[in-house]
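Q: this one's sequence-less:
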């Protein structure tokens, strides 16, 4: 039935704003279901409306086109991943290994539990281009910021060794996302723990490098101090 009530008036106990929000929610849920199962190129506006049980008039009430719906679905997915990661970091212990494992587990486990979302985030978003492609770059950058900040907090001596937490964060996020893509394409066959173990190896390597460089710097300082004492 068409919603023809005047703006600001209630209809069946709902305000116009509530009805618009509800229809938008239906379209977002339909978009995730279809994009996540068929892929972006296999879904039309008519398909989305059929899944949402709404007319095309209501589609264009909330979204300019199919790409705009995809961007909104993608954005909600990124927020779910980000919330899971932030919560995991807050509950993790203080060591680098605990923090990295908690973060990686939250990421991979969320993808495994929501395979439709995994396709949207890991596959189609990288091939569409346009606004969706730009949003992919922006969201990746936001995750890099989280990881880079965590790295710098865990290893504050990095700048002393001419290492940049930002570039390291880019490398870790890029490697993790690529592993997640391969994992999703393979049907999530391997257990989450196996992905976490392999990704943690990158962090372990960073920790070993920092320890080695700190020891080397400490030995240089000790030698210099010894020479100065002998000279005096």
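A: Noted; the coordinates are in hand. Just so you know, these numbers come straight off a predicted model, no measurement behind them. Numbering: from 1, shown residues only.

Q: Residue ranges in the chain under the pLDDT threshold?
A: Along the chain, the parts satisfying pLDDT under 70 run over 1-13, 94, 96, 129, 132-133, 207, 213-214, 216-232.

Q: can you pull out the helices in it?
A: Ranges of helices in the chain, per DSSP state H, are 16-38, 45-52, 56-62, 66-91, 96-113, 115-122, 130-154, 165-185, 192-231.

Q: can I get those in JSON lines with mean neighbour count?
A: In short, each C-beta sits where N, CA and C put it, glycine included. Formatted as JSON lines, those follow (neighbours: other CB atoms under 10 Å):
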{"stretch": "helix 16-38", "mean neighbour count": "18"}
{"stretch": "helix 45-52", "mean neighbour count": "17"}
{"stretch": "helix 56-62", "mean neighbour count": "16"}
{"stretch": "helix 66-91", "mean neighbour count": "18"}
{"stretch": "helix 96-113", "mean neighbour count": "20"}
{"stretch": "helix 115-122", "mean neighbour count": "20"}
{"stretch": "helix 130-154", "mean neighbour count": "16"}
{"stretch": "helix 165-185", "mean neighbour count": "17"}
{"stretch": "helix 192-231", "mean neighbour count": "13"}
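
Q: Now do the contacts for residue 151.
A: Applying CB atoms under 8 Å, 6 or more residues apart in numbering to residue 151 gives the contacts 158, 165, 168, 169, 172, 206.

Q: Which two among those residues are spaced furthest apart?
A: Using CB to CB, these span at most 13.1 Å, a distance reached by 158 and 172.

Q: closest to residue 108 among the contacts of residue 151?
A: Closest to residue 108, out of all of the contacts of residue 151 and judged by CB to CB, is residue 172, at 13.9 Å.

Q: which residues does the closest one contact?
A: Contact analysis of residue 172 by CB under 8 Å, 6+ apart lists 147, 151, 199, 202, 203.

Q: redo that, cut-off 6 Å
A: Counting by CB atoms under 6 Å, 6 or more residues apart in numbering, residue 172 touches 147, 202.

Q: Let me know the distance separating it from residue 203.
A: Distance of residue 172 to residue 203, given as CB to CB, to the nearest Å: 7 Å.

Q: Repeat that for residue 70.
A: From residue 70 to residue 203 the distance is 33 Å (CB to CB).
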